[in-house]
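Trainee: Sequence first, then the predicted structure, then my questions.
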Amino acid sequence: MYNSKIIGLGHFVPEHIVTNEELSQLMDTTDEWIQERTGIQERRWVKDSGDTTSSMGVKAAKIAIERAGIDKDEIDFIIFATLSPDMYFPGPGVQVQEALKIKTVGALDIRNQCSGFIYAISVADNFIKTGMYKNILVIGAELHSHGLDKTTRGRGVSVIFGDGAGAAILSREEDTTKGILSTHLHSQGEHAEELALIAPGMGKRWVNDIIADNDPNDESYFPHMNGQFVFKNAVVRFSEVIMEGLQKNNLKPEHIDMLIPHQANLRISQFIQKKFQLNDDQVFNNIQKYGNTTAASIPIALSEAWEQGKIKTGDTVVLAAFGSGFTWGSVIIKW
Ligand code: ACO
């Protein structure tokens, strides 16, 4: 058995910045409300740049591959996490294979929303552990801005989300005391509709229904979120799954050098920070600049933290996410 380790990180966010002030011109909201409840100051939207989920993923991947110092032909497998694929099917993994002209390696798409990158890392880690693959490209990317209800009706959701992509190269590590130490995944489908985009979906409303019933009041094509319920579950599950990972590795909260929580809401991160008595240097947040980029949020934050020199060899790094499904998970890394 081997371990896996992250040997290259990259991220891409669209140039176009959308401030809270600009959103208040589209819907009944204020900069004060958004900052007070979420910590978000601005987010990126692709606008008319032509970027898509897969193209942003490709841009992030190119940087990660270059920083990993490997050739694209050394990549054995591709994993792409997103809830906003360019096409309903196929998923964007194959688009990356084509865009990067990687050999005809396998490409897997992960549908676990805000926990998507954690799930993707866990799958990659286990493929590497068993010796099946040596280098895996893992991408998390989202294009939310085209699918949001940008009216007052949708303000509880649309002020939160942003576009972007992050990528990592996971590679074989022979020393099993280093790299990814463990991963922890959970789900609770009972709460699936508390944070969901109901249509289009084969079980609910599909293309025929859309054509037959072009109802302007139909909200099932926009993301729906029971914000307070999600918030209450998030703080509990984040804490649980971080503790689960620490205990598995005989670690205590004070051993965390860097916690990278999924960027869902600054208030959630602050709650976790306080609960585990971590100082500001032990937790990385960038939701203020990008909003919630769902599957992209952890790899973007990880890439930025690494660029800023906040993650060093030997550090204990913890990644944790909670989101739609509900699904949640954590990753414990010895960097
Ligand atoms: N601007 C102004 N007012 C607003 C806005 C807005 N953008 N959105 C909602 N409001 C209003 C509501 O209408 C409500 O008004 P009322 O009291 O007159 O009815 C009031 O503000 C309070 O609304 P709540 O929804 O109760 O606000 P809350 O304090 O819960 O904050 C938020 C909302 C920020 C969404 C919060 O609940 C949250 O962050 N939840 C968790 C999000 C999360 O973790 N998601 C998981 C990952 S996402 C994924 O997996 C895809």
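Mentor: Yep, it's here.

Trainee: and the longest helix for this structure?
Mentor: Ordering each helix of the chain by length in residues (DSSP state H) puts helix 227-248 first.

Trainee: averaged over its residues, what pLDDT does it have?
Mentor: Averaged across helix 227-248, the pLDDT comes to 98.

Trainee: Show me what counts as buried in the helix or strand following that helix.
Mentor: As assigned by DSSP states H and E, the chain's next helix or strand after helix 227-248 is strand 258-261. Residues of strand 258-261 classed as buried: 258-261 (neighbour count, 16 or more other CB atoms under 10 Å). For glycine as for every other residue, the C-beta is placed from the backbone atoms N, C-alpha and C.

Trainee: now swap in stretch 33-49 and tell me
Mentor: Residues of stretch 33-49 classed as buried under the neighbour-count rule (16+ other CB under 10 Å) are 34, 37-46.

Trainee: Just give me the closest of these to Asp125.
Mentor: Checking the buried residues of stretch 33-49 against Asp125 with CB to CB, the nearest one is Arg44 at 29.1 Å.

Trainee: Going along the chain, name the helices of the stretch 201-335 of the chain.
Mentor: Assigned by DSSP state H, counting those that start in this stretch, the helices in the stretch 201-335 of the chain fall at 207-212, 227-248, 266-275, 287-290, 297-307.

Trainee: swap in the stretch 51-200 of the chain?
Mentor: Counting by DSSP H, counting those that start in this stretch, the helices of the stretch 51-200 of the chain are 53-68, 93-99, 116-129, 155-158.

Trainee: quick one on the thing from earlier: quick one: which of the helices of the stretch 201-335 of the chain is nearest the ligand?
Mentor: With CB to the nearest ligand atom as the measure, helix 227-248 is the member of the helices of the stretch 201-335 of the chain nearest the ligand (2.7 Å).

Trainee: Report all helices and strands that the closest one contacts.
Mentor: Here helix 227-248 touches strand 179-187, helix 266-275, strand 316-323, strand 327-334, going by 3 or more CB pairs under 8 Å, 6 or more residues apart in numbering; DSSP states H and E.

Trainee: Output the ones you listed in a markdown table; the columns should cover distance to the ligand, mean pLDDT and mean neighbour count.
Mentor: Converted to a markdown table, the helices and strands packed on helix 227-248 look like this (distance: least, CB to the nearest ligand atom, whole Å; pLDDT from 0 to 100; neighbours: other CB atoms under 10 Å):
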| stretch | distance to the ligand | mean pLDDT | mean neighbour count |
| --- | --- | --- | --- |
| strand 179-187 | 12 | 98 | 19 |
| helix 266-275 | 6 | 98 | 17 |
| strand 316-323 | 2 | 98 | 26 |
| strand 327-334 | 8 | 98 | 26 |
